[in-house]
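[1] From the sequence below, what's the structure:
(one chain, ligands or ions: 1)
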Amino acid sequence: MAASPNILVIHGPNLNLLGTREPDIYGHATLADIDGGLAEQAGQLGCAVESYQSNHEGELIDRIQAAMGSCEGILINPGGLTHSSVSLRDALSATGLPVLEVHLSNVFAREPFRHQSFVSGIALGVISGLGARGYSVGLEALVAHIRD
Ligand code: DQA
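    Residues are numbered from 1 along each chain as shown. The predicted model follows:
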């Protein structure tokens with residue numbers, strides 16, 4: 001168990017647009033706001049966070065693979081890939097690391113195609129619908145799980 005765990009934060013496609021993207025659904029916080037909040041929280045929790053966003057599935061998979069041996073947990077909002085990507089799930093699963101899945105919106109209150117997640121089945125837990133606060137709740141829970 002690492003005293004100061006390294007947490008990889010992954011943001012999937014279109015999350016670079018947060019703040020201006022459908023704010024009625026995703027809120028007004030930008031990705032920089034969310035990452036800044038997580039960095040500050042990491043200082044309080046005694047962990048390290050590294051955030052990565054990409055609109056490209058392969059780049060996300062490469063970054064997840066690179067976490068093996070250097071990170072203790074992954075906090076991820078896979079964006080639309082949640083509902084479509086077996087490969088992303090396989091990469092997360094291959095790391096053997098605890099994965100916490102976060103969604104800003106409540107995907108279960110939205111279109112039926114968002115009710116299925118390829119990630120949830122290999123995740124430690126899922127937070128959906130708490131907006132930007134969900135990342136904070138997720139980071140705290142993930143670090144506590146790693147320390148248990
Ligand atoms: C999302 C929900 C997904 O269905 C959507 O494709 C996203 C964002 C969320 O954070 O609520 O891009 O993951």
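[2] Would you mind giving both backbone torsions of the residue most central in space within the chain?
    The centre of the chain sits closest to residue 76, judged by C-alpha atoms, centre = their mean, with a distance of 1.5 Å. Dihedral angles of residue 76 (phi, psi; degrees, to the nearest 10) stand at phi -140, psi 130.
[3] And residue 102, by the same measure?
    Torsion angles, degrees, to the nearest 10, at residue 102: phi -120, psi 140.
[4] If I look at it, what pLDDT would I see?
    Residue 102 carries a pLDDT value of 98.
[5] So residue 75: helix, strand or coil?
    Here residue 75 is strand, with the state taken from DSSP: H, G, I helix; E, B strand; the rest coil.
[6] Next, count neighbours for it.
    When neighbours are counted by other C-beta atoms under 10 Å, residue 75 registers 25. Quick note: C-beta positions are derived from backbone N, CA and C, even for glycine.
[7] tell me the contacts of it?
    Applying C-beta atoms under 8 Å, 6 or more residues apart in numbering to residue 75 gives the contacts 7, 8, 9, 10, 38, 49, 100, 102, 135, 138, 139, 142.
[8] one more time with 10 Å, if that's ok
    Applying C-beta atoms under 10 Å, 6 or more residues apart in numbering, we find residue 75 in contact with 7-11, 38, 49, 51, 98-102, 127, 134-135, 138-139, 141-143.
[9] tell me which parts of this protein are close to the ligand?
    Within the chain, the positions near the ligand by C-beta under 6 Å from any ligand atom are 14, 77, 79, 80, 82, 103, 104, 105, 107, 114.
[10] Output those residues in TSV, with secondary structure and neighbour count appended to each entry.
    Listed next are the residues of the chain next to the ligand as TSV, based on DSSP: H, G, I helix; E, B strand; the rest coil; neighbours: other C-beta atoms under 10 Å:
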residue	secondary structure	neighbour count
14	coil	15
77	strand	26
79	helix	23
80	helix	13
82	helix	23
103	strand	22
104	coil	24
105	coil	18
107	helix	19
114	helix	17
